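**Student:** Show me how the following folds:
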Amino acid sequence: MTEKTNLVGNAQTLRPAQVAGCTPAQVVQWLAEQDLTARELQGTRVMTGLTMDSREVQEGDLYVALGGAKAHGASFVEAALKLGASALLTDAEGLEIAQASTDIPDDFGIIVCEDLRRAVGPLSARIYNSQPDDGSAPRLFAMTGTNGKTTSTYMINSIMKALGHTTGLIGTIEILAGGQAIASKLTTPESPHVHSLIALMREQNITAAAMEVSSHALDYRRVDGIRYDISGFTNLTQDHLDQHGTMQSYFESKAELFTPQRSRRAVITVDDEWGEKMAQGAADAMGAENVVRLATAHGAGLTALPAHCGAADWALVDVARHGIGHTFTVQRGDGTKLTTSTQLPADFNVSNAALAAVMVYESALDGAERELIKKVLADPATLTPVVPGRMQLISTAPTALVDFAHNPDALKRALEAIEPASSEGKIIIVFGATGERDQTKRPIMGEIAASYADIVVVTDDDPHGEAAAPIREAIVTGALTAVEGGARARQVLNLEPRSHAIAEAINLAGPADSILIAGRGHEVAQDVAGTDIELDDRVETAKALEEAGFTVLEAYSSERK
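**Tutor:** Below you'll find the model as predicted:
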């Protein structure tokens, strides 16, 4: 057993303190158990960690060198050696590159395996012992879907805290482990990071953890070697088609989570054909007894249980507006009821809350825990966590919110959620579209904005390496086409930079209006041609509101800072 330093700073450096070492021979044996053929060529050094990035190597690591778009990872083996790597795992091409080096000592391990992507997850699980057979790992919740993953995981985290658990979280915004908040670079980190984080959580006596699982994570095997106690599905709407090509391909990636190798149990939201299809596929793969269906009618609820609701299935009923949030009941086919509420705005947050509540209830170990779950859900605070950049309220007169909505369905739902209470109020939206991503959704988002808002302000999101002006023009074209067809919008503006667009939108607002700043949410830097420009929508919105003479919530007030 080797003690390692737990570095703090990002998910890539967080490691458990105690790691049992392994030898190249053990690695070959472990890979054989996964039906992977590997050859041990040399080396006697003990390995106590694993990384796929030579810049992240820590003393004792197994450096996994894969082929890349620009260079093979084996080209950096000498850099990995200097940082303390104990061994190299690579393919035939990488072996040839490594053998050309004159600086590799005889005791440095070299292992060759052709299917490296498939090897990394199971190896990480064994090296870090992330989910041992003794049941000491945290209870793991996984959440996938297009929209709602982040909010739902925060809600699960909040419920588990209320139940007395010490909790962890791995997601888009941040990673919470052992009380440390770490900024997140990816929705789901690479598999060595995921396994080391789970092992760290176990070591720090964290008893429950919620995790976002993206389609990218499943495609790139970032969650291989992990088996979740319960996994949830929110919805499937158009997004990431630049990667997947078709909605069917996107669906198939998400469906990989709902297999017996990855999940013990599942709760699937069945509000449309994709949900129904996901539930059926999960039942076929995992067994119908391990799959629970949840009908929420997109958060609006149902007047009664649907006819097809089985004794083990759930439905959202009795939804009522309460302040900016809702009270509601989730009822199971056998008559079990969970009555609760959330003060987060929007119907879709009711769906998120219902899914989180059902997942936790379905994960309960016994009747006593189920009764306690009912009790904690009666407190409105339980399902009202602060989720950075998700329908985050900045002011109430006008109602100004910052939200991450960055695809057509999310934009539509967010706009529907902020309809002003007064007929005199109007909706103003500020948004853009990300560069180097799915271009087909840009005019669609413009059309939706013009259909549900009175004033549409199109600006830049993260252009990345793409020219910003054509992105805005594509959105504006969709909006103006909708206006010509009789859409709601009275005004469509094309403004940049984003801070100016936010300020101009607020200058057009009155106290009865609703303003949505959409697309970037919690992000604090804007990527323009590879350069990060400091920009936080929440800060810019609060600043513009105060300059326009409006009052912001105390947390955002300049007087408080």
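**Student:** pLDDT on the helix or strand harbouring residue 194, on average?
**Tutor:** Element membership of residue 194 [criterion: DSSP states H and E] is helix 191-203. Taken as a whole, helix 191-203 carries a mean pLDDT of 92.
**Student:** again with stretch 259-274
**Tutor:** 96.
**Student:** Now do the buried residues in that stretch.
**Tutor:** 262-263, 265-271, 274 (16 or more other CB atoms under 10 Å). Backbone N, C-alpha and C define where each C-beta goes, glycine included.
**Student:** mind checking how far it is from the chain centre?
**Tutor:** Using CA atoms, centre = their mean, to the nearest Å, the mean C-alpha position of stretch 259-274 is found 17 Å from that of the whole chain.
**Student:** dump the residue contacts of residue 395.
**Tutor:** 542, 545, 550-553, 556 (CB atoms under 8 Å, 6 or more residues apart in numbering).
**Student:** For residue 555, see how far away it is.
**Tutor:** 11 Å (CB to CB, to the nearest Å).
**Student:** Test my guess that residue 86 contacts residue 45.
**Tutor:** Yes - counting by CB atoms under 8 Å, residue 86 touches residue 45, with 3.8 Å between them.
**Student:** Find the residues that touch each one of the two.
**Tutor:** Common neighbours of residue 86 and residue 45 (CB under 8 Å, 6+ apart) are 60, 108-109.
**Student:** Count the neighbours of residue 298 for me.
**Tutor:** 18 (other CB atoms under 10 Å).
**Student:** Return the distance of the nearest residue to it once chain neighbours are set aside relative to residue 145.
**Tutor:** Nearest residue to residue 298 in three dimensions, chain neighbours excluded: residue 271, at 5.4 Å (CB to CB, 6 or more residues apart in numbering). Using CB to CB, residue 271 is found at 11 Å from residue 145.
**Student:** now the strands for the stretch 1-150 of the chain?
**Tutor:** 2-3, 18-19, 38-42, 49-51, 61-65, 87-90, 109-113, 139-144 (DSSP state E, counting those that start in this stretch).
**Student:** Kindly report the same for the stretch 351-500 of the chain.
**Tutor:** Counting by DSSP E, counting those that start in this stretch, the strands of the stretch 351-500 of the chain are 392-396, 399-403, 427-431, 455-458, 491-494.
**Student:** Can you say which of those is nearest to residue 128?
**Tutor:** In terms of CB to CB, the element of these nearest to residue 128 is strand 392-396, at 34.6 Å.
**Student:** Tell me which helix or strand residue 532 sits in.
**Tutor:** Per DSSP H and E: strand 531-534 holds residue 532.
**Student:** which helices and strands does that strand pack with?
**Tutor:** Using 3 or more CB pairs under 8 Å, 6 or more residues apart in numbering; DSSP states H and E, the elements in contact with strand 531-534 are strand 525-528.
**Student:** what about dumping the CA coordinates of the strand it packs on to CSV?
**Tutor:** C-alpha atoms of strand 525-528 as CSV (Å, rounded to 0.1, in the frame of the first residue of the first chain):
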residue,chain,number,x,y,z
ALA,A,525,-15.0,32.8,-19.7
GLN,A,526,-16.0,33.2,-23.4
ASP,A,527,-13.8,31.4,-26.0
VAL,A,528,-13.2,33.6,-28.9
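**Student:** i'd like the first residue to be 310 from this point on
**Tutor:** Got it, first residue is 310 now, which makes that one strand 834-837.
**Student:** List the buried residues of that strand.
**Tutor:** Buried residues in strand 834-837, defined by neighbour count with 16+ other CB under 10 Å: 835-837.
**Student:** Can you convert those into TSV and add a column each for distance to residue 806 and pLDDT?
**Tutor:** Output for the buried residues of strand 834-837, formatted as TSV (distance: CB to CB, whole Å; pLDDT from 0 to 100):
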residue	distance to residue 806	pLDDT
835	8	96
836	13	94
837	9	94
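**Student:** Can you tell me which of those is nearest residue 458?
**Tutor:** Using CB to CB, these come closest to residue 458 at residue 836, 21.7 Å.
**Student:** Can you pull out the low-pLDDT segments for the stretch 710-859 of the chain?
**Tutor:** Of all residues in the stretch 710-859 of the chain, none has pLDDT under 70.
**Student:** Show the residue spans covered by the helices in it.
**Tutor:** Using DSSP state H, counting those that start in this stretch, the helices found in the stretch 710-859 of the chain span residues 717-726, 750-761, 777-793, 807-816, 846-856.
**Student:** most packed of those?
**Tutor:** Most buried of the helices of the stretch 710-859 of the chain by mean neighbour count (mean count of other CB atoms under 10 Å) is helix 750-761; its value is a mean of 25.
**Student:** helices or strands up against that helix?
**Tutor:** helix 717-726, strand 736-740, strand 764-767, helix 777-793.
**Student:** CSV please, covering these and showing distance to residue 333.
**Tutor:** Output for the helices and strands packed on helix 750-761, formatted as CSV (distance: least, CB to CB, whole Å):
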stretch, distance to residue 333
helix 717-726, 47
strand 736-740, 52
strand 764-767, 56
helix 777-793, 50
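**Student:** Please name whichever of these is nearest to residue 756.
**Tutor:** helix 777-793 (4.3 Å).
**Student:** now the angle from that closest one to helix 750-761?
**Tutor:** 40 degrees (axes from the mean of the first three to the mean of the last three CA atoms, to 10 degrees).
**Student:** Run through the strands of the stretch 510-659 of the chain in chain order.
**Tutor:** 517-521, 539-542, 575-578, 600-604, 623-631, 634-641, 646-651.
**Student:** closest one to residue 430 among those?
**Tutor:** strand 517-521 (14.1 Å).
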